[in-house]
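**Student:** Return a 3D structure for these sequence lines:
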Amino acid sequence: MDNTMIMMKIKVPNSTDSYQGNSGSIMAIQRNRDHVDKVDVVVIGGGIIGTATAWNLARRNKRVKLFEKGRVSGEQSSRNWGSIRSQRRPAAEFPLMLESIRIWETLESELNADLDWRQEGHIRLCYDEKLLEWAEEWVPVGRENGLDTRVLTPAECQELLPHYSARGLLGALYTSTDGCAEPQKVTATLSRSACQCSAQIIEQCAVLQILTENGRASGVISEQGETRADAVIVASGAWTSRLLKPLGIYHPSLWVRASAAHTEPLDIDMRKLVSWGHCAYRQRPDKSLTLAVAEHGCHDLMLDSFRYGAAYLKLAWQNYDLFRLSFGKPILDDLKGRFGDFTRKENRTLDPVPDYAALERAARAFAIEYPTAKPLQLIRSWAGWIDYMPDAVPVLGEIPNISGLFVGSGFSGGGFGMGPVSGKILSDLVCDGYTPHPVQPLCPSRFQR
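**Tutor:** Take a look at the predicted model:
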C-alpha cells in the first residue's frame with residue numbers, strides 16, 4: 001500500500017476539533033462553596049493523584065478539602081490514552097505498579113462504577129534489532145519483579161492480534177497483566193466517591209500560596225481565602241514546580257506535550273493495548289480507538305527549560321530521538337508572566353494544541369499495520385502537558401525540612417496507572433507517618449540542593 005492510498009484513509013481534524021473538556025459525568029461532581037477555616041488535610045490538584053488521595057483520606061475519616069483551579073480532571077488525567085502498564089517502567093516503580101494493578105482489579109466494585117476497566121495485556125511491537133534486544137533483556141528484570149511478561153515471535157503476535165499484518169516485525173514484548181480504563185470516567189468517579197465520604201471538592205479556585213509555620217505546613221491561601229490544615233498535599237501535575245518554588249523547594253519538572261485522538265468505531269476487535277514507534281492505541285467498548293502518539297513528545301520551551309535544563313542532559317542524550325523542541329507561544333506567554341498567574345482564565349484548564357502531523361503519522365502507521373480495517377476517521381483530537389522529572393521517576397513523599405508538606409507529582413507519563421496506589425501511599429504517610437510500600441527511590445529529597 002503506497003502513501004497515497006494510506007492518506008485517503010485518514011481524516012485529520014481541524015484545530016476546532018481539539019479537546020473541549022470533560023464528560024458530562026464530571027459536571028455532576030458536588031460543588032461545595034462553603035468556606036471552612038480548618039480542615040485536617042488540604043489537597044492541591046484535581047487530577048487522578050489528587051482525587052485518589054482525597055478519597056483515601058476521606059475514607060479514613062480525615063476532613064479533606066481539595067482545591068482545583070479549573071475543573072476536576074480537566075488536564076492530563078483525562079487526556080492520556082488510558083494505558084495502565086507495568087511494562088517498561090523504571091525499576092523503582094515496579095513494586096508500586098504491581099500494587100496499583102491489584103487495586104485497579106477491584107476498583108470498579110469499590111467505587112460501584114463502570115470505569116471501562118479491561119485487563120487484556122499490553123504488546124509493544126519491535127521492528128528493529130536494537131529494540132528486540134532491549135525487550136529480551138527487559139524480560140528477566142520484569143519477571144524478577146513479579147511480572148508475567150515474555151517476548152513473542154511474529155507468529156505468536158499475530159495469534160493475539162488476528163488483524164495485524166506483522167510485516168517487518170521481528171518480535172514483541174508482551175505483558176499479560178497490563179490493562180486500561182477510560183480516563184474521563186476514573187477521576188470523575190474518584191471525585192464523587194471522595195465527596196460521598198465528606199471530602200470537599202472546590203473547583204475554579206486556585207491555591208495562591210502554601211503556608212508554613214515553624215518548619216511545618218500550616219495551610220493555604222486560595223481565591224476563597226485562608227484554609228488552615230495539619231497537612232498539605234501538592235498533586236498539581238505540571239504546576240507543582242511553580243507552587244513549590246516560593247518555598248525554596250527545587251522541583252525540576254518540565255512539561256512535555258502529548259497528543260491523542262478519538263476515532264470512529266472500527267469493524268474489528270482489538271482488545272489489547274498495542275504500541276510501537278509512532279503509534280499506540282486502546283480500543284473502547286464501542287470499538288472506536290483512542291489513538292496516541294507513542295513514545296514521542298514535544299517539549300514546548302519555557303523559562304523552566306533553561307532553569308532546569310542541565311538536570312535533563314542525561315535523559316535528553318538517552319532519548320534524543322523521542323522528543324522534539326518547540327519554540328512558540330508557551331515561552332512567549334511565560335516571558336510575559338502569564339503562566340505565573342494561576343487565576344488567569346487560560347490557565348484554569350490548559351488546552352495545548354495537538355501535534356496534528358504526529359497524529360497523521362500515527363494514523364498512517366495504523367493503516368499500514370492493519371490493512372483489512374476500514375479507513376480510520378479521526379473525529380476529535382487533543383493534547384495535554386505531562387510533568388516530567390530528570391530521571392523519569394515521580395516524586396512521592398514528604399518534603400524534607402517542612403513537616404506535613406507532601407508531594408505526588410512528576411509521574412513522567414505514567415501517572416494514570418499509578419494513581420490508585422499513589423493516593424493510598426500519600427494517605428498512609430499523612431495518617432500513619434509511614435507506608436509499607438517501598439517509596440524511598442521516589443522521595444523528594446533526591447532533588448534537594
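**Student:** Next up, the contacts around G50.
**Tutor:** V43, I44, L66, E68, I233, A235, S236, G408 (C-beta atoms under 8 Å, 6 or more residues apart in numbering). All C-beta atoms are positioned from the backbone trio N, CA, C, and that covers glycine.
**Student:** mind putting the residues you listed in JSON lines, secondary structure and neighbour count included?
**Tutor:** Shown next, in JSON lines, are those (DSSP: H, G, I helix; E, B strand; the rest coil; neighbours: other C-beta atoms under 10 Å):
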{"residue": "V43", "secondary structure": "strand", "neighbour count": "36"}
{"residue": "I44", "secondary structure": "strand", "neighbour count": "25"}
{"residue": "L66", "secondary structure": "strand", "neighbour count": "31"}
{"residue": "E68", "secondary structure": "coil", "neighbour count": "28"}
{"residue": "I233", "secondary structure": "strand", "neighbour count": "31"}
{"residue": "A235", "secondary structure": "coil", "neighbour count": "30"}
{"residue": "S236", "secondary structure": "coil", "neighbour count": "29"}
{"residue": "G408", "secondary structure": "strand", "neighbour count": "32"}
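**Student:** Report the two of these separated the most.
**Tutor:** E68 and G408 (14.7 Å; C-beta to C-beta).
**Student:** thinking again about what came up before, make a markdown table out of the contacts of G50 and add distance to H278 and pLDDT.
**Tutor:** Shown next, in a markdown table, are these (distance: C-beta to C-beta, whole Å; pLDDT from 0 to 100):
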| residue | distance to H278 | pLDDT |
| --- | --- | --- |
| V43 | 36 | 99 |
| I44 | 35 | 98 |
| L66 | 37 | 98 |
| E68 | 33 | 95 |
| I233 | 36 | 99 |
| A235 | 31 | 97 |
| S236 | 30 | 94 |
| G408 | 31 | 98 |
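**Student:** From the residues you listed, pick the one nearest M302.
**Tutor:** Closest to M302, out of all of these and judged by C-beta to C-beta, is S236, at 16.1 Å.
**Student:** of the contacts of G50, closest to L442?
**Tutor:** Out of the contacts of G50, the member with the shortest distance to L442 (by C-beta to C-beta) is G408, at 9.3 Å.
**Student:** Give the buried residues for stretch 355-369.
**Tutor:** By 16 or more other C-beta atoms under 10 Å, the buried positions in stretch 355-369 come out as 355-356, 358-369.
**Student:** err, stretch 191-198, not the other one
**Tutor:** Buried residues in stretch 191-198 (16+ other C-beta under 10 Å): S191, R192, S193, A194, C195, C197.
**Student:** out of those residues, which are inside helices?
**Tutor:** S191, R192, S193, A194, C195 (DSSP state H).
**Student:** For the third one, which residues are in contact?
**Tutor:** For S193, the contacting residues are W55, L111, A113, taking C-beta under 8 Å, 6+ apart as the criterion.
**Student:** From the chain's centroid, how far away is the strand or helix carrying the first one?
**Tutor:** Right, W55. If you go by DSSP states H and E, W55 is part of helix 48-59. Relative to the chain's own centre, helix 48-59 is displaced by 16 Å; criterion: C-alpha atoms, centre = their mean, to the nearest Å.
**Student:** Helices of the stretch 1-150 of the chain, residue ranges please.
**Tutor:** 3-7, 24-27, 48-59, 76-79, 94-111, 129-144 (DSSP state H, counting those that start in this stretch).
**Student:** Give me the below-cutoff pLDDT ranges for the stretch 301-449 of the chain.
**Tutor:** 316-328, 331, 334-347, 449 (pLDDT under 70).
**Student:** Show me the helices in it, by range?
**Tutor:** 303-307, 313-318, 329-335, 345-348, 356-369, 415-432.
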